[in-house]
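K.L.:
Quick one: sequence plus predicted model below, questions after.
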Amino acid sequence: MPVSWQIKPERLLETARSLVEHHTAQGRPKQSNLRRGVSTAYYAVFHAIGWAVVAHLLPNGRRADQFALARSVDHPAIKKVCGWIANPNQAPTHVAPLVGTIANNAAMLNVALVFLDLMEARHRADYDHAAKFSKPTAVRHVNDAEAVIQSLDHVAAGIREAFCALIALEARKAQ
């Protein structure tokens, strides 16, 4: 049986920070480092949310089952739920009250907004050849990712569970 290793958001943050803060010579850091740092910061948040969903749905499951569940959490599902939280009037009627409750929590609203911002920045970093990133902008993205990951752990359990449940429902619909 192959060995599975958990993708740890805190390790991704360490990598992102080392990329955006590293340069060996005087002058500007390499765009490739800034781009990879921004992209890695996004993935740190993505995986933190994925593991929050796993902790909500399968806290005592076998590790292999947890890894499989984490793999089923997808980018579009998180984006859709975060979009609803950022704009609750766009949520479907059947989840609108739950989305409203989540959106009224300042920390979860920030999680949603930062996720959406990082997703857009990651897309630019990975695919837009004309995009340029400054070191302060890249550092801000990494700092935002770190703050969101920390706040996700400290949000009231019921709010975090509602967020995770909505993501799981959306991920299931995409299957």
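P.N.:
Cool, the structure landed.
K.L.:
Low-confidence bits of this protein, can you list those?
P.N.:
1-4, 23-27, 173-175 (pLDDT under 70).
K.L.:
Against which helices or strands is the longest helix seen in it packed?
P.N.:
Secondary structure assigned by DSSP state H gives helix 31-57 as the longest helix of the chain. When contacts are defined as 3 or more CB pairs under 8 Å, 6 or more residues apart in numbering; DSSP states H and E, helix 31-57 sits against helix 9-21, helix 63-72, helix 75-86, helix 106-127, helix 135-154, helix 157-174. The way it works is simple: take the backbone N, C-alpha and C, and place the C-beta from them, glycine included.
K.L.:
May I see these organised as a markdown table, with mean neighbour count added?
P.N.:
Formatted as a markdown table, the helices and strands packed on helix 31-57 follow (neighbours: other CB atoms under 10 Å):
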| stretch | mean neighbour count |
| --- | --- |
| helix 9-21 | 19 |
| helix 63-72 | 14 |
| helix 75-86 | 21 |
| helix 106-127 | 18 |
| helix 135-154 | 18 |
| helix 157-174 | 17 |
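K.L.:
Now render these as a markdown table, adding distance to residue 92.
P.N.:
Output for those, formatted as a markdown table (distance: least, CB to CB, whole Å):
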| stretch | distance to residue 92 |
| --- | --- |
| helix 9-21 | 29 |
| helix 63-72 | 21 |
| helix 75-86 | 8 |
| helix 106-127 | 16 |
| helix 135-154 | 24 |
| helix 157-174 | 10 |
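K.L.:
With respect to residue 43, which of these lies nearest?
P.N.:
helix 9-21 (5.5 Å; CB to CB).
K.L.:
which residues sit against the closest one?
P.N.:
29, 33-34, 36-38, 40-41, 43-45, 47-48, 51, 135, 138-139, 141-142, 145-146, 149 (CB atoms under 8 Å, 6 or more residues apart in numbering).
K.L.:
buried set for the longest helix of the chain?
P.N.:
33-54, 56-57 (16 or more other CB atoms under 10 Å).
K.L.:
got a list of what residue 132 touches?
P.N.:
Listed by CB under 8 Å, 6+ apart, the contact set of residue 132 reads residue 31.
K.L.:
secondary structure class for it?
P.N.:
Per DSSP: H, G, I helix; E, B strand; the rest coil, the secondary structure class of residue 132 is coil.
K.L.:
Give me the residues contacting stretch 37-51.
P.N.:
With CB under 8 Å, 6+ apart as the criterion, stretch 37-51 contacts 6-10, 12-13, 15-20, 70, 73, 75, 78, 111, 114-115, 118-119, 121-122, 124-126, 133, 138, 141-142, 144-146, 148-149, 152, 164, 167.
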